[in-house]
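*Asks:* coordinates only, sequence not included:
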Ligand code: ADP
């Protein structure tokens, strides 16, 4: 083996390293571009409610004293836009923490307990809508590794959407079943559904499908839900049919069964 072979190997190694470096830079650039887009979207989303608030304040200054109806309406608009801004800011804080590499602290929790607690909260959100909850016997005493606050936040995002996008005559159902090594939690609704071309995009930050823009969410819910799922080594999938309804599945790995002791 001569010095030429050695040089050849060295050149190949160097080439390989250069390739990985180029890939790393491309990825970094892409993530910078994504971050720049996020900041641009954020300022746009915050400007819209601010403009409405300013307009209503002007209106109040001009005619708030002599027209009680105008006054009431302007105040209601200001209150709801302020509410929207505060939802946006708190959603953005969760995502900023996620981008900064924040990780959740997981502990073993019984599936039944999570479903019951989330179900109670969702029942209130659902109001007069038909809301069903079922935890199959297969889940009895099954535990998953979860951060209680975040796992509830994730399921409530899915339930809040299901309720928001389902007419009052529809049905929303939260269910859990365990088979093999996984626990499948499903949030089903009989609402407006999601078109096939939109299904891929709904987990993107700020994405809202055309037919649902009027409902007035932030468009950040599902991207937060996805991050929380991945923190739990869980997967979120969705099947949906326009005008029929949607099912969001969260598949968690089982941590322990009743016959297994754990520390
Ligand atoms: P938001 O609900 O605040 O608009 P999300 O990120 O939670 O934002 O959802 C993104 C979009 O996905 C929604 O705007 C809507 O178009 C669609 N979507 C989510 N869940 C449902 C559902 N259960 N039924 C119909 N469309 C849904």
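*Replies:* Good, I have the coordinates. Bear in mind the structure is a predicted one, so any value in this text is a computation, not a measurement.
*Asks:* which residues of the stretch 1-150 of the chain fall in strands?
*Replies:* 107-110, 130-135, 143-146 (DSSP state E, counting those that start in this stretch).
*Asks:* tell me how far residue 64 lies from residue 84.
*Replies:* 22 Å (CB to CB, to the nearest Å). (Each C-beta comes from the backbone N, C-alpha and C, glycine too.)
*Asks:* and the stretch 151-263 of the chain, which residues reach the ligand?
*Replies:* Counting by CB under 6 Å from any ligand atom, the stretch 151-263 of the chain comes close to the ligand at 157, 161-162, 165, 189, 191-194, 202, 207-209, 212, 217-222, 246.
*Asks:* and the residue of the protein closest to the ligand?
*Replies:* residue 217 (2.0 Å; CB to the nearest ligand atom).
*Asks:* tell me the secondary structure for that residue?
*Replies:* Under DSSP: H, G, I helix; E, B strand; the rest coil, residue 217 falls in the coil class.
*Asks:* which ones are touching it?
*Replies:* With contact taken as CB atoms under 8 Å, 6 or more residues apart in numbering, residue 217 is in contact with 161, 164, 208.
*Asks:* which ones among the residues you listed lie within helices?
*Replies:* 161, 164 (DSSP state H).
*Asks:* neighbour-wise, which one of the contacts of residue 217 leads?
*Replies:* Counting neighbours by other CB atoms under 10 Å, residue 161 comes out on top of the contacts of residue 217 with 23 neighbours.
*Asks:* quick one, grab the pLDDT at that one.
*Replies:* Predicted confidence (pLDDT) for residue 161: 96.
*Asks:* isn't it up against residue 221?
*Replies:* Yes. Using CB atoms under 8 Å, residue 161 is in contact with residue 221, at 6.4 Å.
*Asks:* what helices or strands is the longest helix belonging to the chain leaning on?
*Replies:* Criterion DSSP H: the longest helix present in the chain is helix 3-63. For helix 3-63, the packing partners by 3 or more CB pairs under 8 Å, 6 or more residues apart in numbering; DSSP states H and E come out as helix 68-99.
*Asks:* relative orientation of the helix it packs on and helix 3-63 in degrees?
*Replies:* Orientation of helix 68-99 against helix 3-63 (axes from the mean of the first three to the mean of the last three CA atoms, to 10 degrees) gives an angle of 160 degrees.
*Asks:* does helix 68-99 reach the ligand?
*Replies:* No. Residues of helix 68-99 are not located near the ligand by CB under 6 Å from any ligand atom, the shortest gap being 8.2 Å.
*Asks:* mind showing which ranges of the stretch 151-263 of the chain have poor pLDDT?
*Replies:* Of all residues in the stretch 151-263 of the chain, those with pLDDT under 70 make up the ranges 211-215, 258-263.
*Asks:* what do you get if the cut-off is 90, keeping everything else the same?
*Replies:* 200, 209-218, 256-263 (pLDDT under 90).
*Asks:* show me where the stretch 151-263 of the chain has its helices.
*Replies:* Under the criterion DSSP state H, counting those that start in this stretch, the stretch 151-263 of the chain contains helices at 196-199, 221-231.
*Asks:* dump these to CSV, plus mean neighbour count.
*Replies:* Formatted as CSV, the helices of the stretch 151-263 of the chain follow (neighbours: other CB atoms under 10 Å):
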stretch, mean neighbour count
helix 196-199, 12
helix 221-231, 21
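*Asks:* and those helices as CSV, adding distance to residue 80?
*Replies:* Putting these into CSV (distance: least, CB to CB, whole Å) gives the following:
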stretch, distance to residue 80
helix 196-199, 26
helix 221-231, 18
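*Asks:* looking at those helices, spot the one closest to residue 7.
*Replies:* helix 221-231 (44.5 Å; CB to CB).
*Asks:* can you state the direction angle for the closest one and helix 68-99?
*Replies:* 30 degrees.
*Asks:* picking up where we left off before, what's the closest of the helices of the stretch 151-263 of the chain to residue 18?
*Replies:* Closest among those, using CB to CB: helix 221-231, at 31.3 Å.
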